[in-house]
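**Q** Model the structure of this input:
(chains A and B)
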Amino acid sequence: DVKVTQSSRYLVKRTGEKVFLECVQDMDHENMFWYRQDPGLGLRLIYFSYDVKMKEKGDIPEGYSVSREKKERFSLILESASTNQTSMYLCASSSGRGQLNTEAFFGQGTRLTVV
Amino acid sequence: QKEVEQNSGPLSVPEGAIASLNCTYSDRGSQSFFWYRQYSGKSPELIMSIYSNGDKEDGRFTAQLNKASQYVSLLIRDSQPSDSATYLCAVKWRGSTLGRLYFGRGTQLTVWP
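**A** Below you'll find the predicted structure:
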């Protein structure tokens, strides 16, 4: 079974803090993604990566950065946390490039609250 | 702009009925289609994928794809209260070689006993 593991289930941080969200997958997937999910807005893509050290901006990258130093690990960084970044953060991974069945597998999610 | 639209819901059906969830997409170059189920407070889990026109059945679930109409649906037969969740439609475009999926906002389904 594919396993995508996020480092924290719940997190509370203060405004202005630098926040790291970690995600690890154990299926040797090339692609990894970070989404945030807010009521009424659905899943919104923040950043994704298709290879080590490679990254692409998603739809809402402002205020975030990412790091992928190893294939299995993809980190999301909030440079200076703000209250409008309070959300559910979901990491996902998928296999291959240009393949038909590139279904994404999700981690359990991190509910981040910025106070 | 690539868009994935789902019927807004919420959808409420009695136990044992058929629940029908619909999804339309904007780009004819779409390649792969997925349905995810998300329980409240949990992460999405894949329940169906479909790539060719027609129907694909898996237990009580049937996915239907009509590329000419740019339409994909999910039917849940003999609905159970445990099917109560939000259902997300996701689409991969042919040109999206990096594996990115585009998601709809989801349809909330409630199955009442």
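
**Q** Show me the beta-bridge partners of residue 90.
**A** In the absence of a named chain, this looks at chain A. residue A:35 (DSSP bridges).

**Q** Not quite, go with chain B.
**A** Going by DSSP bridges, residue B:90 is paired in beta bridges with residue B:34, residue B:103.

**Q** ok, it - contacts?
**A** By CB atoms under 8 Å, 6 or more residues apart in numbering or on different chains, the contact list for residue B:90 reads A:104, B:4, B:33-36, B:101-104. Glycine gets a C-beta too; all of them are placed from N, C-alpha and C.

**Q** From residue B:19, how far out is residue B:106?
**A** 14 Å (CB to CB, to the nearest Å).

**Q** What count of nearby residues applies to residue B:108?
**A** Close neighbours of residue B:108, defined as other CB atoms under 10 Å in any protein chain shown, add up to 15.

**Q** can you tell me the residue of chain A closest to chain B?
**A** Of all residues in chain A, residue A:42 sits closest to chain B, at 3.6 Å by CB to the nearest CB.

**Q** quick one, phi psi at that residue?
**A** phi 70, psi -160 (degrees, to the nearest 10).

**Q** which residue packs closest to it, ignoring adjacent ones?
**A** residue B:105 (3.6 Å; CB to CB, 6 or more residues apart in numbering or on different chains).

**Q** Could you tell me whether the one you found really is in a strand?
**A** No: Residue B:105 is assigned coil when assessed by DSSP: H, G, I helix; E, B strand; the rest coil, not a strand.

**Q** Which element, helix or strand, includes residue 20?
**A** By default, I'm working from chain A. Assigned by DSSP states H and E, residue A:20 falls within strand A:19-25.

**Q** I was thinking of chain B, sorry if that wasn't clear
**A** Take DSSP H and E as the rule and residue B:20 turns out to sit in strand B:19-25.
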